[in-house]
Structure formats: structure tokens, C-alpha cells
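A.B. asks: Build the 3D model from these lines:
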Amino acid sequence: MNEKTHLDLFSGIGGFALAAKWNGYRTVGFCDNEPYAQAVLKKHWPEVPCHKDIREVRGELYAGVTLLTGGFPCQPFSNAGKQRGKNDDRYLWPEMLRVIREARPTWIIGENVAGIVNMELDQVHIDLEAEDYEVESIIIPACGVDAPHRRNRVWIIGRNKNNNVANSEGLRLGGWSESSNQYGGGWYRENQKGERWGVKLKDAVHSAERLWPTPSSRDGKGGYRGGRMRNGKISRDTLDVAVQHEENQGKQSGQLNPEWVAWLMGYPIGWLNLKDSEMPSYRKSRQKSSDASTK
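C.D. replies: So this is what the prediction gives:
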């Protein structure tokens, strides 16, 4: 059996690579321009090269990779920004498309904010279809996979129509169906055997509402209930992270605790923990300033 390989663009702290690993893929390359993200990637995948600029990635080096992923920058499309689209200097979809054209992966998964739907999603589909990829996009909220928050995201899935591996994997790219009832429905698809799989929103949305960080009566005191539940009880790790979040919130004048945010997004506990020697210098300086301000 051929090895399943993965190239990750705009890698961040490794969410796509972590999911790929869980599904039997070997990540062969990263790309991210942020030193802190690079340090986190190096901690977890020390043997995998990390390119520092998407413009310098040569797709030919990864020709025939099984899966290419990329959460290309969302700032040009985000409702929180000016939505300048192609006029934003962070508009890097053309660079991701170039790497796709050069590498010709079997599968593509792109991710972006919901704001892209009315601004650029049609163009992304046109670009990929011109490269002979079959494309489907769906919106799945984070709570659809048991994360304790809603956070809608657009997922762009592409299949190389000329690749025999893709054609033999037994899944049709088309066929996603969406229920009109948000709480009772969800998204699903069928394989060639008629077996159905997908995202069930009824339980997911209720789970997200139950797990969202809210005041609770933990040991008769205040606290946070957001987190992984086991048999109806909050896990020990979840409680530890929540308590640390409370303490850090009190010290940092409203700044979010990175460990809390990483956990909220589904990363394992301690994912961001770096040794002092691994930490970028500017992060060390920021931490020292933060520690000094709390004394």
C-alpha cells in the first residue's frame, strides 16, 4: 500500500497536521511565516521542514502528495476586518493555487471564514476546476465536531479527477446533503456502498451550549464549565485549564490565555508548552513584560 503523505500550507500550530496524523498521513512539509507557530511545529514534528514564505514553496518538490491542506489567510474576507478581498496584501489564495498546480495532490482541503462565501468562494471553485479538480464546499461549525463553541468555517474539498488513487477510494465528492432544520439535521454524505456518515447537529449544538464557558458551582465556587465531559463530569485536565484561565485572566487585563484558546480549539493539553530555549525571542520579551506588570 502506498504511503499517504500530507503537505500543509499556512500551518499555524499544526491543526491540519495533527488531524492528518490521526488519520494515518505523514506530513512532509509545513509553511508558516510566524516564528512562534514555527517553534510549535518544530516541537511536535522536528524532522519536517517548514518553509517561512508561501511564495518560496516549490510545489514540484512535493509532486504527487496525497493531501494538500491550507487555511489561507482569512483577513481579506473576515467580517471583523475591512473585507478588501483581492486588494488586501494578505490575499494569498493565488499562491496556494500555484503550489497546487505544481504539486498536483490527490486531495485538497482548504479552510476559511464564512465571509469568503460572498466574496471569493466562486473564484476558488473556478480556479480549482480549471486545474481539473472536482470541488465541493460546505460550512461546518466547530461544535459539529464536539468543540465547545460555534465558530462556522468554510471547508473547500477538492479531488484530482485524473488521479487513479482518488478515483479508487470509494467516496463521491458530491452528495453532501443539508437538513433545513438546524437542530434536528446536519450534513451527511454516502459512499458507494450506501453507507451514510457526516455531522449531526442536534447533539453537537446542544453539546456546544452545555460546554460553553459559563459560571458554574464548582466546589461551591465560581468557575468555567467549558470542556470535555466524561460521563457527565468535567475532566480533570479541563478543570485544570479552566482554573489556569481564571488566574491568568485576573493577571493579564483581559488577555486570552493561549493554552485556554488552544484547548478550546481541540488541541491536546500542553500543545503550546515550549521550553525557554524553544521560545522565539520576542515571545520571551512579551512574557517578561507581562510577568513584570503583575508584580
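A.B. asks: L121 and V154: what is the separation?
C.D. replies: According to Cβ to Cβ, to the nearest Å, L121 and V154 sit 7 Å apart. For the C-beta atoms, the positions are set from N, CA and C on the backbone; glycine is no exception.
A.B. asks: who touches both of those two?
C.D. replies: Listed as contacting both L121 and V154 by Cβ atoms under 8 Å, 6 or more residues apart in numbering are S137.
A.B. asks: Could you list the buried residues of stretch 112-124?
C.D. replies: 112-116, 119-121, 124 (16 or more other Cβ atoms under 10 Å).
A.B. asks: my bad, should have said stretch 48-64
C.D. replies: 48, 50-51, 54, 57, 59, 62.
A.B. asks: Looking at the residues you listed, which is nearest G158?
C.D. replies: Among the buried residues of stretch 48-64, G59 lies closest to G158 (Cβ to Cβ), at 14.5 Å.
A.B. asks: The nearest residue to that closest one once chain neighbours are set aside in helix, strand or coil?
C.D. replies: Residue nearest to G59 in three dimensions, not counting chain neighbours: E102, with 2.6 Å by Cβ to Cβ, 6 or more residues apart in numbering. Three-state assignment for E102 (DSSP: H, G, I helix; E, B strand; the rest coil): helix.
A.B. asks: Pull the contacting residues for G70.
C.D. replies: G70 neighbours (Cβ under 8 Å, 6+ apart): 8-10, 16, 96, 109-111.
A.B. asks: Which two among the residues you listed are spaced furthest apart?
C.D. replies: Those two in the contacts of G70 that are separated most widely, counting by Cβ to Cβ, are F16 and M96, at 12.8 Å.
A.B. asks: any idea which of the contacts of G70 is closest to G29?
C.D. replies: D8 (6.9 Å).
A.B. asks: For Q83, see how far away that closest one is.
C.D. replies: 26 Å.
A.B. asks: which one of those two has more residues nearby?
C.D. replies: Using other Cβ atoms under 10 Å as the criterion, D8 and Q83 rank with D8 on top: 29 against 16.
A.B. asks: Show me where the stretch 101-250 of the chain dips below the pLDDT cut-off.
C.D. replies: For the stretch 101-250 of the chain, residues meeting the criterion pLDDT under 70 lie at 164-250.
A.B. asks: A strand includes M119, no?
C.D. replies: No. Using three-state DSSP, the assignment for M119 is coil, not a strand.
A.B. asks: would a markdown table of the buried residues of stretch 112-124 with distance to A142 be doable?
C.D. replies: Output for the buried residues of stretch 112-124, formatted as a markdown table (distance: Cβ to Cβ, whole Å):
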| residue | distance to A142 |
| --- | --- |
| N112 | 14 |
| V113 | 12 |
| A114 | 12 |
| G115 | 16 |
| I116 | 17 |
| M119 | 21 |
| E120 | 22 |
| L121 | 19 |
| V124 | 21 |
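A.B. asks: gap between the two ends of stretch 62-71?
C.D. replies: End-to-end distance of stretch 62-71: 18 Å, with Cα to Cα, to the nearest Å as the criterion.
A.B. asks: before we move on, what about stretch 50-69?
C.D. replies: Rule used - Cα to Cα; the end-to-end distance of stretch 50-69 is 14 Å.
A.B. asks: Can you list the neighbours in contact with it?
C.D. replies: 2, 4-11, 16, 20, 25, 28-33, 38, 41-42, 92, 95-96, 98-111, 165.
A.B. asks: Next: stretch 80-96.
C.D. replies: Counting by Cβ under 8 Å, 6+ apart, 9-10, 54-55, 57, 70, 72-73, 75-77, 110, 115, 119-120, 123-124, 127 sit against stretch 80-96.
A.B. asks: Repeat the analysis, applying 10 Å as the threshold.
C.D. replies: 9-10, 31, 53-57, 59, 68-78, 98, 108, 110, 112-113, 115-116, 118-120, 123-124, 127 (Cβ atoms under 10 Å, 6 or more residues apart in numbering).
A.B. asks: Which of these fall in helices?
C.D. replies: The helices, defined by DSSP state H, take in 98, 123-124, 127 from these.
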